[in-house]
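Asks: dropping the sequence and predicted coords here.
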Amino acid sequence: MNDSIVIIPTYNEIENIESIIRSVLSQHKFFHVLIIDDNSPDHTADKVVQLQSEYAGRLFLEKRAKKSGLGTAYVHGFRWALERKYEYVFEMDADFSHNPNDLEKLYKACHLGDADLAIGSRYVTGVNVVNWPLSRVLMSYFASVYVKLITGMKIHDATAGFVCYKRNVLEQINLDKIKFVGYAFQIEMKYRTYCNKFRIVEVPIIFTDRTKGQSKMSNSIIVEAVFGVISLRLKKLINTL
């Protein structure tokens, strides 16, 4: 059985979905792909179904009833992957902001290196972001600085959504306790990994803003992240994390 599954949540990604699936499944390293689609009105899921006959046994689809947030999509995917005994579980966006060619770098950091969680990091070797406005770069960069200050994690890119988990990390984390749904989810998962004393390694990547489709960023997601970090730290201090 293949040891690696790439989880890609989607909502209205019809412009990107076929290309990203073909790119991931054409890598030298043999990956499986799980699409978690939140009933996209643009029929993203229908395109995935069409491709499943071409990639039988490698491309899987979980279609949810409604848009329910990034965090719940990934938790759904984690449970699915754990049930099927995958050893390496990846998170990845559908819009090519994460380069599929970098998947193997994350895999090697966990499989050959000593990482329990490998992060595709935009900031570990400077600022490696393409096509973002300066305001967005600064917001993202200083969000990670803020997370460092509050949590004590020595991670340069705490909001990164391009990662590889070893199976035992996800088994150790109580997924029922994951509450955040936006970028705070990415922080929460890294913090829980850190608090469980797993080794976290940042692998430098170049992040490129999407050229097709629309960003899912919103003010509510930003607010959740700001106050969510404080909430996580407080829970840790009173042993309720």
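Replies: Thanks, I have the structure now. Numbers count the residues shown, from 1 in each chain.

Asks: residues touching C195, list them.
Replies: The neighbourhood of C195, defined by C-beta atoms under 8 Å, 6 or more residues apart in numbering, consists of 236, 241. C-betas here are computed from N, CA, C, even on glycine.

Asks: again, only this time at 10 Å
Replies: 151-153, 173, 232, 235-236, 241 (C-beta atoms under 10 Å, 6 or more residues apart in numbering).

Asks: just the helices in the chain please.
Replies: Using DSSP state H, the helices assigned to the chain run over residues 17-25, 44-52, 70-83, 103-111, 134-151, 167-172, 183-195, 219-237.

Asks: which residues sit against the fifth one?
Replies: Surrounding helix 134-151, the residues in contact under the criterion C-beta under 10 Å, 6+ apart are 121-123, 127, 129, 132-133, 153-160, 183-184, 186-187, 190-191, 194-195, 207, 209, 215, 217, 222, 225-226, 228-234, 236.

Asks: cool, the second one as well?
Replies: Residues from elsewhere that reach helix 44-52, judged by C-beta under 10 Å, 6+ apart: 8, 10-18, 21-22, 25, 33, 35-40, 43, 55, 58-64, 94, 213.

Asks: pull out the buried members of the residues you listed.
Replies: When burial is judged by neighbour count using 16 or more other C-beta atoms under 10 Å, the buried members of the contacts of helix 44-52 are 8, 10-17, 21, 25, 33, 35-38, 40, 55, 58-64, 94, 213.

Asks: of these, which belong to strands?
Replies: 8, 10, 33, 35-37, 59-63 (DSSP state E).

Asks: looking at the protein, which helix or strand does the model trust least?
Replies: Across the helices and strands of the chain, mean confidence by mean pLDDT, DSSP states H and E is lowest for helix 219-237: a mean of 74.

Asks: follow-up on the earlier one: could you dump the helices of the chain to a markdown table with distance to L117?
Replies: Formatted as a markdown table, the entries for the helices of the chain read as follows, by distance: least, C-beta to C-beta, whole Å:
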| stretch | distance to L117 |
| --- | --- |
| helix 17-25 | 20 |
| helix 44-52 | 27 |
| helix 70-83 | 13 |
| helix 103-111 | 8 |
| helix 134-151 | 15 |
| helix 167-172 | 6 |
| helix 183-195 | 5 |
| helix 219-237 | 16 |
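
Asks: point out the most buried one among those.
Replies: Among the helices of the chain, the stretch with the highest mean neighbour count (mean count of other C-beta atoms under 10 Å) is helix 183-195, at a mean of 23.

Asks: what angle separates that one from helix 134-151?
Replies: On the basis of axes from the mean of the first three to the mean of the last three C-alpha atoms, to 10 degrees, helix 183-195 is oriented at 40 degrees to helix 134-151.

Asks: extract the CA atoms of helix 183-195 and return them as CSV.
Replies: In CSV, the C-alpha atoms belonging to helix 183-195 read as follows (Å, rounded to 0.1, in the frame of the first residue of the first chain):
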residue,chain,number,x,y,z
TYR,A,183,-5.7,30.0,9.9
ALA,A,184,-6.0,29.5,13.7
PHE,A,185,-6.4,25.8,12.9
GLN,A,186,-2.9,25.7,11.4
ILE,A,187,-1.5,27.4,14.5
GLU,A,188,-3.4,25.1,16.8
MET,A,189,-2.2,21.9,15.1
LYS,A,190,1.4,23.1,15.3
TYR,A,191,1.0,24.1,18.9
ARG,A,192,-0.5,20.8,19.9
THR,A,193,2.3,19.0,18.1
TYR,A,194,4.9,21.2,19.9
CYS,A,195,3.2,20.6,23.3
